[in-house]
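# Sequence first, predicted model second:
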Amino acid sequence: MTDWSRLHHAYGTAEDIPGLLDAVDPDAQDPGWDKLWSRLCHQGTVYSASYAALPALTEMARQWSAVDRKAPLYLAGSIVASTDQPYGNEDPQVTYASQISDLAQLTEEALQDPGLADDPTNYVDLLGTLLSFQGVEIWGEQLDGLRDEEYEVPCPACSAENFIAFGKYGFFSTTDSMYMEPSTTARQVPLRPQAPAALEGLAQRLYSRALADGQSDIARKLTYVFGDAQCAECDAVFSVNEAIASRWG
């Protein structure tokens with residue numbers, strides 16, 4: 001049995017965690033989830049109690065329907081993906097291998113929810129969560145740029161911050177953080193998407209999956225994330241996904 005008094009979270013010892021875990025329900029708006037996030041994955045930082053909570057989060061996700069289990073999956077996925085471990089270097093993929101294998105399967109089931117066809121935000125979040133459980137570095141946490149339709153990365157040549165936009169405002173790179181304002185006069189350089197047939201590895205896997213899951217818009221955005229951009233400051237051409245990996249790797 002876990003001795004929570006010997007474990008820690010963001011605010012101290014973790015005796016309160018079992019009660020918080022027992023009290024939450026599937027509603028993501030339940031304030032108990034905010035309390036768990038702030039303690040177990042505070043601004044992306046994890047603690048000894050964070051990993052100890054994985055078995056309970058796994059069981060919670062197992063007991064709830066595929067439609068209702070998103071909240072425990074998201075919290076568990078962020079805990080597993082975190083590399084900010086100031087109080088230790090435990091590898092949850094080793095210590096909690098069985099739970100993580102179950103969590104991956106439970107996430108796969110959640111991704112089969114027909115309702116996700118009209119809910120690309122949760123689709124992207126679940127897909128990123130699955131990558132976290134599969135041990136895919138960086139993209140488990142950073143796939144959410146697909147949801148936000150933007151990545152901010154430095155140009156590898158001149159270090160200028162470029163906003164890579166690929167959505168309702170267009171498909172371009174710019175150095176103007178307020179590019180969404182109609183009055184902007186900042187330079188916007190068109191992006192260079194990768195041809196679907198040229199995608200390889202993770203990019204090809206994500207693209208093919210998005211198409212198979214009926215997420216054609218997500219698939220299209222992936223061709224820009226794994227394509228090239230031209231720096232709006234110095235005109236150097238660079239790989240968007242490599243710039244993302246360099247920033248958060």
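Structure's in. What do you need?
# What sits closest to the residue most central in space within the chain if chain neighbours are left out?
Per Cα atoms, centre = their mean, the C-alpha nearest to the average position across the chain is that of E141, at 3.2 Å. In this structure, E141 finds its nearest non-sequential neighbour in A81, 4.9 Å apart by Cβ to Cβ, 6 or more residues apart in numbering. Yep, even glycine has a C-beta here, placed from its N, CA and C like the rest.
# What segments of the chain are strands?
Per DSSP state E, the chain carries strands over the ranges 8-9, 12-13, 150-154, 161-167, 170-174, 189-190, 228-230, 237-239.
# Tell me the strands beside the first one, with direction?
Strand 8-9 has its sheet partners listed here by DSSP bridges as strand 12-13 (antiparallel).
# Ok, the third one next?
Strands that pair with strand 150-154, judged by DSSP bridges, come out as strand 161-167 (antiparallel).
# Please point out which parts of the partner strand sit buried.
162-166 (16 or more other Cβ atoms under 10 Å).
# May I have that strand exported as CSV, CA atoms only?
C-alpha atoms of strand 161-167 as CSV (Å, rounded to 0.1, in the frame of the first residue of the first chain):
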residue,chain,number,x,y,z
GLU,A,161,11.3,34.3,-33.2
ASN,A,162,9.0,33.1,-35.9
PHE,A,163,5.3,32.4,-35.5
ILE,A,164,4.3,29.5,-37.7
ALA,A,165,0.6,29.9,-38.4
PHE,A,166,-1.5,27.2,-40.2
GLY,A,167,-5.2,27.7,-39.8
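# hey, where'd the helices end up in the protein?
17-23, 31-40, 48-52, 54-63, 70-81, 92-95, 97-111, 120-133, 139-142, 145-148, 201-212, 216-225, 240-248 (DSSP state H).
# As CSV, those helices with distance to T185 and mean pLDDT would be great.
Shown next, in CSV, are the helices of the chain (distance: least, Cβ to Cβ, whole Å; pLDDT from 0 to 100):
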stretch, distance to T185, mean pLDDT
helix 17-23, 50, 97
helix 31-40, 40, 98
helix 48-52, 46, 96
helix 54-63, 48, 97
helix 70-81, 39, 97
helix 92-95, 48, 92
helix 97-111, 42, 97
helix 120-133, 31, 96
helix 139-142, 30, 93
helix 145-148, 24, 94
helix 201-212, 34, 97
helix 216-225, 23, 97
helix 240-248, 24, 96
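# Out of the ones you listed, which one sits most buried?
helix 70-81 (a mean of 24; mean count of other Cβ atoms under 10 Å).
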